[in-house]
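>>> what follows is a predicted protein model with its sequence.
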Amino acid sequence: MNAIEHLLQRAEQLITRLETLLPAPPAEPNWQAVAWRWVKHGNQGQLQAVEHPHHILLEDIRFIDRQKNEVVRNTRQFLQGLPANHVLLTGARGTGKSSLVKAVLNAYAKEGLRLIEIEKQDLTDLPQITQLIRQRPEKFIIFCDDLTFEANDMGYKALKVILDGSIEHASPNLLVYATSNRKNLMPEYMADNQPIVDKGEIRPNDTIDEKTALAERFGLWLSFYSFDQDEYLSIAEHWLDTFGISMDDAARHAALQFYHTRGARSGRVAYQFAKDYAGQLQLKS
C-alpha cells in the first residue's frame, strides 16, 4: 500500500468515526397528525406529533361569544385563502383563551387546519419551522401559549419578523395565534414613565414604544375578562351536565365554596369544580 492509499484509508476511517459522533438528522414529521409540538434536543428541533390532541368543542366555551366569533371568522378566511390576521388573545386567566384555539383546531381540522405549539424560548426557531411547512398544502397555526418576553429575549425579534415580514415573502399557509395574561408582551418599568432622563438613551421614548408595540403587530387583538358569579355558575352547570349531574342547591353551594377557596371565578375553575364534585359523588356511590 503506497502512501496515498494509506492516507485515503485513514481519512475514510476518520470520517466514519466522525459520523458516529454527529447527531442523527431529525425524522420526517408525521404529516398525518393534526397537531405537533416543536421539541428541542440540544440545538436541534423537530416537529413531534401530538397523538391525542384535546378535543374541546366550540360550544363548550361560553360567555365569550364575541371573541369566539372573531377567531372563527378569521380562521375561516385563512382556510379559504382569503386575507387573515395573526391573533393575540389577552386577559384574565382561565377565561378560555387557550381552549378557544384548541376548539378551533378541533372544528376545522377536517378542512386542513393544523396546529404547531411552540414554547416562547424556542421562537428563534420560527424560520426553521416556516421552511418545513412552506410547501405543505395544509394551513398551519403557530400557537404560543402564555406569551411574554423579558427585555433581552431573542424570541422577540424572531416573532417580529414573522408578524411584520422580512425580505422573504411571508408563508401564506401560516398564522400565529398567541395568548397572554398581560396586555403588553414586553415588561414596562417605572423608569419608562419618568419625564426627564438625566443619562442613558438620547431618545428613550423610542425604546419604550418598541417595548409596547409588539402586541400591535397582531392584526386581531381580543381581550378576555373575568366572569361574574352567574356566568361562573352557568359554566359549572354545563360541565356538571357532561358528567351526568344536575345543578341542584347542594351543587350550587359547593360551586360557590370552591371558587371562594380559589379566589377566582373563571371557566377553568368551573371545570375543575365539576371534576372535583363529580369525582366525590362517584366515590361515595
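Perfect, thanks for sending it. As the structure is a prediction and not an experimental result, all values here were calculated from the model. Numbers count the residues shown, from 1 in each chain.
>>> mind checking the SS state of Phe227?
With DSSP: H, G, I helix; E, B strand; the rest coil as the basis, Phe227 sits in coil.
>>> surely it meets Arg268?
No - between Phe227 and Arg268 there is no contact under Cβ atoms under 8 Å: 10.4 Å. To be clear about C-beta, it is placed using only N, CA and C from the backbone, and glycine gets the same treatment.
>>> what is in contact with these two at once?
Both Phe227 and Arg268 are in contact with Thr95, where contact means Cβ atoms under 8 Å, 6 or more residues apart in numbering.
>>> who has more neighbours out of these two?
Phe227 (25 against 17; other Cβ atoms under 10 Å).
>>> nearest spatial neighbour of that one, skipping sequence neighbours?
For Phe227, ignoring the flanking residues on the chain, the nearest one in space by Cβ to Cβ, 6 or more residues apart in numbering is Arg265 at 5.0 Å.
>>> what is the burial count for the one you found?
Arg265: 25 neighbours (other Cβ under 10 Å).
>>> what are the phi and psi values for it?
phi -110, psi 120 (degrees, to the nearest 10).
>>> relative to Asp248, how far out is Arg265?
20 Å (Cβ to Cβ, to the nearest Å).
>>> sorry, wrong one. I was asking about Gly81.
50 Å.
>>> quick check, Gly45 in a strand?
Yes - with three-state DSSP as the criterion, Gly45 is located in a strand.
>>> surely it meets Val39?
Yes - at 6.7 Å, Gly45 and Val39 qualify as touching, with contact defined as Cβ under 8 Å.
>>> show me which of these two is the more surrounded one.
Neighbours were counted for Gly45 and for Val39 using other Cβ under 10 Å; Gly45 has more, 18 against 15.
>>> so what's that one up against?
Gly45 touches Pro26, Trp38, Val39, Asp122, Asp125, Gln128, Ile129, counting by Cβ under 8 Å, 6+ apart.
>>> in the stretch 51-200 of the chain, what spans have low per-residue confidence?
151-152, 165-169, 183-200 (pLDDT under 70).
>>> mind listing the strands for it?
Along the stretch 51-200 of the chain, the segments classed as strands by DSSP state E, counting those that start in this stretch run 87-91, 113-117, 139-144, 174-180.
>>> contacts for the third one?
Residues external to strand 139-144 that are found in contact with it (Cβ under 8 Å, 6+ apart): 75, 78-79, 101, 104-105, 112-120, 123, 126, 129, 133, 159, 162, 173-179.
>>> that one pairs with which strands, parallel or anti?
Under the criterion DSSP bridges, strand 139-144 sits next to strand 113-117 (parallel), strand 174-180 (parallel) in its sheet.
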